[in-house]
Each structure stands twice: as C-alpha cells, then as structure tokens.
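Trainee: could you work out the structure for the sequence below:
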Amino acid sequence: MDNFHFVRLMLLFIILICESVIADIYLHSPRGGNNRLDEENRNVQNQNRLFDSQNNNRGGYNVGSLYYYAGSTLPIEWTNQHSCSNPNSHCEIILQYMCNDQVRDGASTQTIPLNPDDCRLGNCNTDKEYGMNENFDYYLNCRSRERNKGLFTADQNLNNRNRAVNTRQNPNGQRYGYECPEERDYYPYWGPTPWMDIAVLTNDATRCPYYKAESANVKPRFGCVMSSDFLVENFPRITLPNTKEACEVYRYPTNDPDGMKAEWKEVPAFGIGEPDCRETQFSRDNHLGNGIGGQPLVYNWTVPNTVHENCVMRIRYNISTGDYDGWNTTYNTNVNAKLAAKVGLSQNEADNRGFILENNPEVKVFSDANFDLELAVNTAQYGRTFEDRSFAFAIRPRPAGTEGRTISNLNVRGKRGNIVQVFPSVEYDFVPNNLEIGTSNYVHIQWTGSNTNNPNNDGNGQARSDRNNIVQLGEPTYDEGSLKSFGPGAVYGKYGVNYPAHVVNSSFLGLSQQDLLHLAFNSPGQFGGELSQLDDAGTYFDLGLRMVSQQGTYQYMCTRNNDFSNRDQKGRVTVLPYLTQNQAIGWGGGTLALADNKAKIMVEQGTFSALQSMRMEEWTPEQAIASNRLRSEPTGDKYASNFIVVQPETIMTQSGATFTVQMQVDPDASEVEIYRSKSTDMATWTKVPSSVSGSTASFQVDQGGVYVARSHQNLGPIIGIVAACVVVLLVVIASVMYFKRNPSSFEKLKSGARKAERSVQNKV
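Mentor: Numbering: from 1, shown residues only. Have a look, this model is predicted:
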C-alpha cells in the first residue's frame, strides 16, 4: 500500500471516530421538552425526568401541549447535529407515538419514584405530580428481565450487569423515568413496547421491507412476565428469561418445584398498519440547522384515528460511523480484526499501533513516528441513539362534514430570546411557515407558550413570556415591479414590510371580522387588559377549525415578535382554487392521492433510486384555460377528466421503470385517451397508452407532467349506417333506370305481383 493511500485511510479513521462522540436531536414541532418542564433556567433541571435524551441540557421548550384532529396534517420538524443521507455516517430516524390514560407532563421536575410507597395512594401510575410516559409495570418488567447478550458491547463492562436496563450506552443501568434502556437503544425492538410507529427514515432504504414487517404495528411481541407485586417483592433476585424455552421452565425460587411460574405472554400488534419508511433528508455534519434550500427537516404526519386525550410523540436518532458494521456485529464479532483490514494492516500490527476499538486509544498513525495520537473515543457512544419527546397532546375525532377535505394545522414553534440565547432551540416561527391549502378545505390555527422563560432572554413585552398573534401584513409602500407569484389570485399583504394592515382592511383567508379580531388579540378567553404587546393575553390560543373560502396569497405577521434587528416572525398562506397533495416517496415506494380520490399515484418498491418530493394538483378545464398556459388542446372532441399535474416533471425512475397513475374519467365518454404535456406551456401533447375501466383510467409513466383525458366520438356505426343507406339508394336508382329502358320487364313484374296477391288471398 502506498504511503499516500495509507495516510488517507488513517485520517479518515480519525475523523470518523472523532465525529462519533456528539450528535444531538431536538424536536421543534410539536415542541420537544428534552426533559424540561416550565423551567426558568437555561439548563434542564433534571435530565432523568422522563427519558434518556443524551442531548445538550440547554435544549428543549417549557410547554407544548396542543390537540390535533384525526386525519389532519401535522408537520413534524426537528434539527439533528450530524449528517443523514450522507456517506459520512449511518443514520436512522424513528418517529413514534403512544396514547394512554396515564400519559402526562406532570407538575414536578423530579423523576417519578421507583418505590410505590413514595407516591400518592401507593400508586405511581396515577400520581399526577410526576410526569410519566411509560408506566411503572413496564419499567418493572424491564429491570427484572435478562438483557439480550448477543448485542455488541465493545469494551464496556457488562459482565455482572445482566438486565435490560444495562446496555452499551447505559452500562450502569441509570434510570430515566420509566423508560427501558434496551428498548430505547434498539429498533425494531424484539420485546413488548408501548410505542406505535409513525415512520422510519433511513440512509439505507433497502431495509424498509424489514422495518415494516417487524414493526409492532403489524407484528405481535412476546415477553416473559410475572405479576408486578411479585416482582417488587422479590427484586433483584428475579431475572426473567428473554426466550420462550427458558421462560416456560422458569420459576422462583428456582429450586422450588412449587415456586411461582413465569408466563410467556403474547402482546398483540397494534393493528394500525405498517409504518411509512423512506430515505432521510440530507443534512450536513456539525450543523443543528435547516436542510437543503434552507427549509426545516420535516415529516408531514397524517394524524391517525387513535382518538385519545393523552398522547405523546418521540423522535430517536441513531448515528453510527462506518468503522464497524452495526447490523452484522454481535457480541462475538472480532471488531478489531475488521478494523485492521479496513485500514490495511495485519491485526497484529494494528493492535501494536493502537488501531483497536476501545476507550481513548493511543494511535501511532505513522509506523516510524516517535509520537502517538490519543483519540477521544467513548465506545458507549460508538453507534449512539439520541432522543427527544413532545409534551402530552390530544387526538380528537374529525368533525362531521369535513370528510374528503384536508385539515392543515397552523401552529407556532420556538421560544423567547435571540438566536444565541435560545440555541439549540429556535426563535419564533409559524409552522408551516409557507402553507398551501385549497379552497373549501380547513385550517386549524392554534398555539401555546410559557410565562417562565429565562429572565434575561431578549424579547418584546413582559419578560419571560411567550405571546403570539396573527395579523395580515400591510400593503407595499412603493412599486416593486413583478415579483415571484406563489399561486393564482390576488396577493394580500407585503412580505417585505413590517407594519400590519388595519383589521377592517384585512381579508385574511376570507375569515370573518370577528375571527380576525380573535387572531389579533388572542380572544375569546381574553377581555380587556393591556394588549398592545399581548402581555395580559393568555399563553394558549385556539381559533378552532375554519373553512378557507377565498383564494389568494396571504402574508401575515406577529405584531409582538417583530424586532426587525433579530426577530421577524412572518408567514404565508397560499389558497389555491384547486386540490393539491404532497408526498416524499423513495426506494420503498408509496402512494400519493388527492383528497377527493380523483387521482392517485402508486409507486412500487425499487422504482425510485432516491427520495422524490412529489406533488399532485387537480385543475378543471376552465382553470387550465384561465392559467393562460393551455396553448393547444389535445386530440379529441371534449375533455373527459380534469387536468392532473404531477411534479417533478423530469424522469424520476431508474432503469426504465415506471409508476402507475390512476385518474377519474367520465364513464359516459367514448373512446377515452390520455394525453401528456408540460404544465408550464401546454403547447404539444403526447398520447399515453392507457386502459379504462368504468370511471377509472390507468397508465404507466416515468415522469411527471400534466395529464388529461379526451373523448373521441365513435364513428364506426355511423359510417356503417350511412354506407347501407347509400347502397339502398343506388339499388333504387338503378332499378328505376332499368325499368324505364325495359317497359315489358316492368309489366311482367307487375303481372307476377298481381298473381301472387290473388294466390295469397285464396289461401287466406
């Protein structure tokens, strides 16, 4: 091996190890607590309160409880410190939620007790002083259960630590609320879990079939159980096996044939459908910020129909280097041998020079050097999971009359302070900052805040307090020429100004004057008081569900958080006169459908080689004409469908693969054909092979564009009838001409006809 290549490998090894030590994740929408609860200090008071985040203790928000309607769209936004969708590291992000009558934020920052006698009425599950996600019985089984001894432990000392609370990342079995450390560190977890899967985002989408099949959403779990009272009474003498065979013969005391038996129990799958699984969005190393294009890292969650008043969501982020294969490395794997091969050394030479996986190794990078380099390695963090959780929230039934319509949540993220003071949290912003919605669909505007932010944080109004409102921006003060258009219709409010429009001149989303006053002054629920900076308004506001009726682009602001020097809280809502739907689909495939089910895209696994941000729009023929982009019409007599726009309009598939598009067509139309053009200039049209069954047309494509159905009149029967009439007419004309030239033949014909008539009469 040449020296240059060897040095390159050595440096890569050092960089990868150094990057493995720190990588946080923070949830911003819904707001993540990072174990914080209504606290005034910059640092979290108790990092053991609910869960093991392993994040910086300055992260997290004070409050965040809201409610969401089933079927509504909720943007989940976060920042992660190290890269995803990047060869520098392995990355998986797991989104999950759980609902339970006992889920709560609590009123104290203390960790919920382990001894029931320390809780009210001797029951920690129901003592509302303490925050709780997982319950006491769940943790009790975890700390009584044998750990999975096939897992890779590096050089961490787990020899006499044999329970599921002892892991490579948590060898001492430190307790964090009632979270089970082994379940926290590994996914998919093999034992019972209270967490339902939302989505798995991964660098390697070929694992998606495995993730989906193994999800607790669709696959039952099994565990060895004994009664909680018996486990409390006999801890730590009991160690429950983690296999069926060992569990079925286990009893305590172990030498007593009449001892208490354990039960191998099945926990049914949640039965809510497999989770979404796709590639992660790109993020760079050492950067707790936005992704490509300056947009937040986001997953748009369709809130499930799991109606419950007490739910919580968590996000987990596993970050691992490429120094060992985490998927194929077990307790018995010789990791050092593989590491030696990776850097091009024999194992003996690698060991002698310090290229071994241990805490803080001293490495001789050059064989003839007289110095070593000590690497800051902690093998407990080599392949590390970070976590954040939301505050408790509610999922409520979808209101009657909203079926077939979208419900978009419009909320607020961030907290009081400038960017330095709030980091690694974020400053105020609306979520989503740029919302698109169709007319006759619904928006749910809601936010919450805290009165106990750090007293020294910058901001407007009363110190420590979060307040928000929505007021349409004022009109431009001078002519700025033609600017970017965000959709059809008028533009209301100028994004570049910092003064609001008077409420009587506002037409925000076509809402009533009363609603506009509620948005401006945080009422109802507030009467009187000093409201110039909303100091006397409450921290929580809920406008409720509103139908959006007026198209256009609406640009709005928060009048309080508007220090232009370092705070500028603004947002935009574009109301379109047609339906739209967005979905990110990658190698694992997926479906994108309009809310009215008039069009659907189905992508099979392996069709895409990378994540595609797909979008679908539905235009009526009148809207297509009004867009001034319809330069010519496709072949045919009339339109048999609406125009369906699919983006991106470039080729998205690999190796000639195609995906399926289905669209609704007029079932009474004849000879329906599908045509494609570009949505930016519909001048030329290409016929797309398709099949039509009833009111549905299906076709295969490899790219987006605008698709429409045209009918063609069936001329075959008409031509046949006309031809028959022409033949009959020619026969008549020829007969007349013949008999004129041959009168005797005509007389014979008449004579024969009279004889035939008399013969028929005689017979009758």
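Trainee: and the strands in the stretch 101-250 of the chain?
Mentor: Per DSSP state E, counting those that start in this stretch, the stretch 101-250 of the chain carries strands over the ranges 196-202, 221-225.
Trainee: mean neighbour count, those strands: which tops it?
Mentor: Counting by mean count of other Cβ atoms under 10 Å, strand 196-202 has the highest mean neighbour count of the strands of the stretch 101-250 of the chain, with a mean of 24. Quick note: C-beta positions are derived from backbone N, CA and C, even for glycine.
Trainee: strand partners (parallel or antiparallel) of that strand?
Mentor: As defined by DSSP bridges, the strand partners of strand 196-202 come to strand 90-99 (antiparallel), strand 276-279 (parallel).
Trainee: determine which residue lies closest to the centroid of the protein.
Mentor: Residue closest to the average C-alpha location in the chain (Cα atoms, centre = their mean): residue 299, at 2.9 Å.
Trainee: look up how far residue 515 lies from that residue.
Mentor: Residue 299 sits 30 Å away from residue 515 when distances are taken as Cβ to Cβ, to the nearest Å.
Trainee: again, but for residue 671
Mentor: In this view, residue 671 and residue 515 are 50 Å apart by Cβ to Cβ.
Trainee: and residue 456, by the same measure?
Mentor: 36 Å.
Trainee: shaky segments in the stretch 551-700 of the chain?
Mentor: Within the stretch 551-700 of the chain, the segments meeting pLDDT under 70 span 564-566.
Trainee: would you map the helices across it?
Mentor: 621-626 (DSSP state H, counting those that start in this stretch).
Trainee: just the strands in it please.
Mentor: Using DSSP E, counting those that start in this stretch, the strands of the stretch 551-700 of the chain run over residues 552-557, 570-576, 579-585, 590-593, 599-603, 612-619, 638-639, 643-651, 659-664, 673-678, 681-688, 690-693, 696-701.
Trainee: and residue 175, which of those is closest to it?
Mentor: Closest to residue 175 of the strands of the stretch 551-700 of the chain is strand 579-585 (Cβ to Cβ; 37.4 Å).
Trainee: ok, residues contacting the closest one?
Mentor: The contact list for strand 579-585, computed with Cβ atoms under 8 Å, 6 or more residues apart in numbering, reads 278, 300, 406, 436, 438, 590-596, 598, 603, 608, 611-618.
Trainee: which of these are buried, as a ChimeraX select command?
Mentor: Listed next is the ChimeraX selection for buried residues among the contacts of strand 579-585, using 16 or more other Cβ atoms under 10 Å:
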select :278,406,436,438,590,592,594,595,598,603,608,611,612,614,615,616,617,618
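Trainee: how about the helices in the stretch 301-450 of the chain?
Mentor: Under DSSP H, counting those that start in this stretch, the stretch 301-450 of the chain gives helices at 335-342, 347-353, 419-422.
Trainee: pipe those helices into TSV and attach mean pLDDT and mean neighbour count per row.
Mentor: Formatted as TSV, these follow (pLDDT from 0 to 100; neighbours: other Cβ atoms under 10 Å):
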stretch	mean pLDDT	mean neighbour count
helix 335-342	82	17
helix 347-353	89	15
helix 419-422	92	16
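Trainee: for residue 442, which of those is the nearest?
Mentor: Nearest of the helices of the stretch 301-450 of the chain (Cβ to Cβ): helix 419-422, 31.5 Å.
Trainee: export that closest one as PDB, just CAs?
Mentor: What follows is helix 419-422, C-alpha atoms only, in PDB (Å, rounded to 0.1, in the frame of the first residue of the first chain):
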ATOM      1  CA  ILE A 419     -30.700  33.000  18.400                       C
ATOM      2  CA  VAL A 420     -27.800  32.700  20.800                       C
ATOM      3  CA  GLN A 421     -29.900  32.700  23.900                       C
ATOM      4  CA  VAL A 422     -32.400  30.000  22.700                       C
END
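Trainee: related to what we said a few turns ago, dump the residue contacts of the closest residue to the residue nearest to the centre of the chain other than its chain neighbours.
Mentor: Leaving aside its sequence neighbours, residue 299 sits nearest to residue 76 (Cβ to Cβ, 6 or more residues apart in numbering; 4.7 Å). Neighbour list for residue 76: 27, 29, 30, 95, 198, 298, 299, 300, 301, 313, 315 [criterion: Cβ under 8 Å, 6+ apart].
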